[in-house]
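Enquirer: pasting the sequence and the predicted coordinates here, then a few questions.
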Amino acid sequence: MLFFTSLTNYSFRKALSLWLLSNLGGTVLLTLDFALDRPADFSIGLFSGLLAALVSLVVLPLCVPLFSLLGQLPTCSARRTIGTAAVLGCYALTNFFVLHHLPVVDLRSLLTMSLPYLAAALAAVYFLCEPAPPRFQNA
């Protein structure tokens, strides 16, 4: 029971870290993108980042089982591969739903707003899927 609790704690911390890093990184990249064109538009990037963080907070509990699975894999490359596939799948699924259910003009404008978050999430997965968790160090 103690192992399950520590694995759930580990998974929740990793999922929360992924959420935080991808939203902070994506918001910074998006804000820079808006501010480089017209410095007065930086607030659009900040507001979009806040909205993205609030919306993506709903998906956070779905990441905990993913990190439970990743925590049980012995190799770093397997963890990074599955984490990257999960991020790409969630990104594609989210963009599909946004494109079909929200008044977005076209795919290009959607990708302009969402690509910074994909880049930040992929960097976060690479950073968070470090070499083996402590229980695999001696194996």
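Expert: Sure thing, it's come through.
Enquirer: center of this structure - which residue?
Expert: Geometric centre of the chain, nearest residue: Ala121, 3.8 Å, by C-alpha atoms, centre = their mean.
Enquirer: and the contacts of the strand or helix carrying it?
Expert: Using DSSP states H and E, Ala121 falls within helix 107-128. If you take C-beta atoms under 8 Å, 6 or more residues apart in numbering as the criterion, helix 107-128 is touched by 14, 17-18, 21-30, 33, 48, 52, 80, 83-84, 86-88, 91, 94-95, 98-99, 104. In short, each C-beta sits where N, CA and C put it, glycine included.
Enquirer: the longest helix in this protein is where?
Expert: Secondary structure of the chain per DSSP state H: the longest helix is helix 2-37.
Enquirer: which element follows that helix toward the C-terminus?
Expert: helix 42-56.
Enquirer: orientation of that following helix relative to helix 107-128 in degrees?
Expert: Compare the direction of helix 42-56 with that of helix 107-128 by axes from the mean of the first three to the mean of the last three C-alpha atoms, to 10 degrees and you get 70 degrees.
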